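Asks: with the input below, show me the fold.
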Amino acid sequence: MLHLRKWLLLVVLQLTMAGMSGLAQSNASTTIQNLLQQQAAAWNKGDLESFMSIAYWNNDSLMFIGSRGPTYGYAATLANYNKSYPDTATMGKLRFEVLQLKPLSKDCYFMVGKWFLQRSKGDVGGHFTLVWRYINQRWVIVADHSS
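Replies: All right, here's what the predicted structure looks like:
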């Protein structure tokens, strides 16, 4: 009987831990998707500084891959955004559609999605892949490939 109780306790503990792990992943997923929506809101206000600071890793190892190839570093990525989108008319209104968000580990997520810019000079859009990492108590984009 004692062995049965220990076994039941072990099963309950494992189920509880599995549930907590699932909850943590669910919370991370929700947080990441909320950050993406905050970025879109900042973009739609014409605020590239906030767009970057909300979710991009402020580090020289940040990697952004666009049509001109890879760019490394937060400052260089922000400079490219400022060059490519010099005014709110060029920026337009941004909308994201998340196609897939998968945990790679407890502190790393992989996201695939679509981006859309509605602009008076013509709409544009494409796809993106993002690698999110949990660094210094926050989720940040450490790699972005947008096309």
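
Asks: any stretches of this structure with poor pLDDT?
Replies: Counting by pLDDT under 70, the chain has low-confidence residues at 1-26.

Asks: can you pull out the helices in it?
Replies: Taking DSSP state H as the criterion, the chain carries its helices at 2-44, 48-55, 74-84, 88-91.

Asks: which elements pack onto the second one?
Replies: Just to be clear, that refers to helix 48-55. Under the contact criterion of 3 or more CB pairs under 8 Å, 6 or more residues apart in numbering; DSSP states H and E, the helices and strands touching helix 48-55 comprise helix 2-44, helix 74-84, strand 138-146. (Glycine included, C-beta is placed from N, CA and C.)

Asks: what does the second one contact?
Replies: The one in question is helix 74-84. Applying CB atoms under 8 Å, 6 or more residues apart in numbering, the external contacts of helix 74-84 come out as 48-49, 51-52, 56-60, 62, 64, 66, 68, 71, 90, 144.

Asks: do the same with the shortest one
Replies: Identification of contacts with strand 138-146 by CB under 8 Å, 6+ apart yields 28, 31-32, 35, 55-59, 61-66, 77, 109, 115, 126-135.

Asks: just the buried subset of these, please.
Replies: 28, 32, 35, 55-57, 62-64, 66, 77, 109, 115, 128-134 (16 or more other CB atoms under 10 Å).

Asks: ok, the contacts of helix 74-84 vs Val98, which is closest?
Replies: Ranked by distance to Val98 (CB to CB), the contacts of helix 74-84 are led by Asp144 at 14.0 Å.

Asks: who's the closest one bridged to?
Replies: Phe64, Leu130 (DSSP bridges).

Asks: for Leu94, same thing?
Replies: Note on Leu94: beta-bridge partners Leu117, judged by DSSP bridges.

Asks: show me what contacts it?
Replies: Contact partners of Leu94, counting by CB under 8 Å, 6+ apart, are Gln39, Ala40, Trp43, Asn44, Trp115, Phe116, Leu117.
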